[in-house]
Structure formats: C-alpha cells, structure tokens
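> Predicted model follows, preceded by the sequence.
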Amino acid sequence: MDSYIDIHSHILPQIDDGAENFDVSMEMLRTAWNDGIREIILTPHNKPSHHNGSPEKIKGLIKNLQENTGREGIDITFHTGNEIYYGSSMIEKLDGRRAYTMADSAYVLIEFGVRDDFTRIRYGLYEALSHGYRPILAHVERYGCMKADRVEDLIKMGCYIQVNAGSIMGNFGFGAKHFTKRLLSERLVHFVATDAHDTGKRKPVLSECAAYVSRKYGEEYAGQLFYENPMRIIKDEYI
C-alpha cells in the first residue's frame, strides 16, 4: 500500500484540543506527508454547549493550511468534517449546516461519552440513520459498554465503525489493543484513522499500523481500512 487516507484528525490550529498553533499544524502535516498520508478529512470537535468553530472558520483554516503546504510541496488533499459529540441538537446542526458531514457526504463521524451506556449510543446512531445520514462511530474501543456482539449489532443496523491506529499498536493500553484486535479478526471495523492531536503520542501516522494489519489480517482487508473505504466516504458511496 503506497498511500493512505485519514478520516479522523484534529490538525486544524486553535479550534479544539488538537494542534495548539499553526506551527504545530504544519509539523503534523509534514509528519503525515512523510508517512504516506495523501488525503485527510479534518474533523475538529463539535460539542453541545461549547463554542465550536463555525463552518466558515473551518474553511478559512483549511485554506490557510492548503496554501502553506502547497508552498512546501506537501500535496495533501483536505476535506471538511467534524467529530460531532452526540446530543439532542446533533440533527438540527447537521440539517442546518452548522456542523460538517464527512467530505460533504452523507457520512457523519459521531462520538459519545466514554461512560455512556449502549442504549444511548445505539439510540444516537439510530437517530442519525433515521434522518438519512450514515453514522460512523468514532474510536469504538474507548466506550466501556462496548463488546464485539454489540458492535456487530450496530453494523447490522447500518452503522460504520472506526478505530484508532494507536489503539491497535498498543499506545493506549492493553484493553484497547486487545479489543481492537478482536474486532479486526472478526472484520467488524470499517476505518482505521489517526485521531491525531499533536506531534507526540497522538501524531498523524498510519504506515506502521497498516503494515501490521496487512500482515496479520490480510492485504485486502488493510486496503479497505486505510484507503478504499475512506475513498468511498469522499465519493459518497455506500460501503
């Protein structure tokens, strides 16, 4: 696999808990480029009762990054997005275009509280489905209520599952590593992303994880997780 598409990242500067300034954003993008990442869906947090970056601000930041990466010969294609924390206003925000879908598609990246119960998570994802969106559950390995059979139930309902590359590689503890590998072995994952926040422990790299997944679970499945399925988001196609 020569290149990757990252569907979950916090690279935009000074808009959430990701890159703290423009210089950090640029260093993250240099890292991503050198690692083989060629397209990125930029997904700053959008949370209830928070001062979230407006779509106009997000577009302005992306334009600034695109101009500066171009000057450095970093040929990464950026797409708009948000990581939307589930709340009662989620659909209103999406329908009113106050929060971004993924690359202007029907796909939506949704996160929940780590202590939320399965009933709430299932209901929130169903709400997105019932309004015509295709929900992607962000970093499924973080939710204490999740088990493989529950993930399978969500997929059968019509949802998509994303895990973090760092979790697979053991950067966030044994529990996350064990669970993500269980899901991969049962083919219950659609996307592996960086969820990058900085230039340290949560940097934007996929190549090591892609190589591992390719060896352990097969090149075909790795290709789907790191490139083909993300491209289907960008093209707004069903998986």
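Sure thing, it's come through.

> Low-confidence ranges, this structure, go.
For the chain, not a single residue meets the criterion pLDDT under 70.

> biggest helix in it by residues?
Ranked by residue count, the top helix of the chain under DSSP state H comes out as helix 55-71.

> List of residues touching the next helix or strand after that helix?
The helix or strand immediately downstream of helix 55-71 is strand 77-80, counting by DSSP states H and E. Residues outside strand 77-80 that contact it (CB atoms under 8 Å, 6 or more residues apart in numbering): 38-42, 55, 58-59, 62, 65-66, 100, 102-104, 234. In short, each C-beta sits where N, CA and C put it, glycine included.

> and strand 77-80, how far from the chain's centre?
On the basis of CA atoms, centre = their mean, to the nearest Å, strand 77-80 is displaced by 13 Å from the centre of the chain it belongs to.

> where does residue 91 land in three-state SS?
Under DSSP: H, G, I helix; E, B strand; the rest coil, the three-state class of residue 91 is helix.

> Ignoring the adjacent residues along the chain, who's closest to it?
Take residue 91 and drop its neighbours on the chain: the residue closest to it by CB to CB, 6 or more residues apart in numbering is residue 131, 5.2 Å away.

> swap in residue 158?
Using CB to CB, 6+ apart and skipping the chain neighbours, the partner closest in space to residue 158 is residue 129 (5.2 Å).

> Report the contact partners of the one you found.
Residue 129 is in contact with 135, 157, 158, 159, counting by CB under 8 Å, 6+ apart.

> Now the residues you listed in TSV, please, with extra columns for secondary structure, distance to residue 166 and neighbour count.
Conversion of these to TSV gives the following (DSSP: H, G, I helix; E, B strand; the rest coil; distance: CB to CB, whole Å; neighbours: other CB atoms under 10 Å):
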residue	secondary structure	distance to residue 166	neighbour count
135	strand	22	26
157	helix	27	12
158	coil	27	14
159	coil	22	22
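
> And the furthest pair within those residues?
Spanning the widest gap among those are 135 and 157, at 9.2 Å by CB to CB.

> Return every residue with contacts to both of these two.
By the contact definition CB under 8 Å, 6+ apart, residue 135 and residue 157 are jointly contacted by 125, 129.
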